[in-house]
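Trainee: Here's a sequence, model it:
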Amino acid sequence: MAEYKIETDQGKVRLLISDIGGADGASFLFEDDEIAAFLALNENNIRLSAAEALRAIAGNEVQVSKRIKFLELSTDGPAVAKELRALAESLEEKADDDIEPEIASMAETWMPE
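Mentor: Residues are numbered from 1 along each chain as shown. Next comes the predicted model:
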């Protein structure tokens, strides 16, 4: 059963992708083992895992919603998917920014002045 605990890496991924249980607190997009798989695939990097999850949501949005207009109601799955992919790219850039200072710090340790 999926659970939202913000103090865990899984909870942080859920926060970044807005998969926090819906109005009833129990309606999740992903099961805990799916979030764990995103983390495992991305070496436990929370932002990269969230980006991967957003891309999965975007792919599903395109497959399921498409572009529909009925009377006054319309949905635009491709537009939603585009926004999700843009958010995924933003998370990846932030993950890269997190890594760069870490690499610089390691280089200073290896190569003192």
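
Trainee: Enumerate the residue intervals of the protein where per-residue confidence is below the cut-off.
Mentor: 61-70, 98-113 (pLDDT under 70).

Trainee: Strands along that one, start to end?
Mentor: Applying DSSP state E to the chain gives strands spanning 67-70, 73-76.

Trainee: list the contacts for the residue most central in space within the chain?
Mentor: Residue closest to the average C-alpha location in the chain (C-alpha atoms, centre = their mean): A50, at 2.0 Å. Taking C-beta atoms under 8 Å, 6 or more residues apart in numbering, we find A50 in contact with K12, V13, L16, I17, F38, A88, L91. Glycine gets a C-beta too; all of them are placed from N, C-alpha and C.

Trainee: neighbours around L41, how many?
Mentor: Residues near L41, counting by other C-beta atoms under 10 Å, number 12.

Trainee: Other residues contacting stretch 17-24?
Mentor: With C-beta under 8 Å, 6+ apart as the criterion, stretch 17-24 contacts 2, 4, 13-14, 27-30, 35, 50, 53-54, 57.

Trainee: one more time with 6 Å, if that's ok
Mentor: For stretch 17-24, contacts defined as C-beta atoms under 6 Å, 6 or more residues apart in numbering pick out Y4, R14, F28, L29, F30, A50, A53, L54.

Trainee: So which of these sit within helices?
Mentor: Among these, DSSP state H puts R14, A50, A53, L54 in helices.

Trainee: Buried subset of these, written for ChimeraX?
Mentor: Here is the ChimeraX command that selects only those of the ones in helices among the contacts of stretch 17-24 that count as buried (16 or more other C-beta atoms under 10 Å):
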select :14,50,53,54
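
Trainee: can you put the ones in helices among the contacts of stretch 17-24 in CSV and add distance to G77?
Mentor: Formatted as CSV, the ones in helices among the contacts of stretch 17-24 follow (distance: C-beta to C-beta, whole Å):
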residue, distance to G77
R14, 22
A50, 20
A53, 17
L54, 14
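
Trainee: coming back round to it: now the residue nearest to the centre of the chain, nearest residue through space, not along the chain?
Mentor: Distances taken as C-beta to C-beta, 6 or more residues apart in numbering put L16 closest to A50, at 3.7 Å, once the chain neighbours are dropped.
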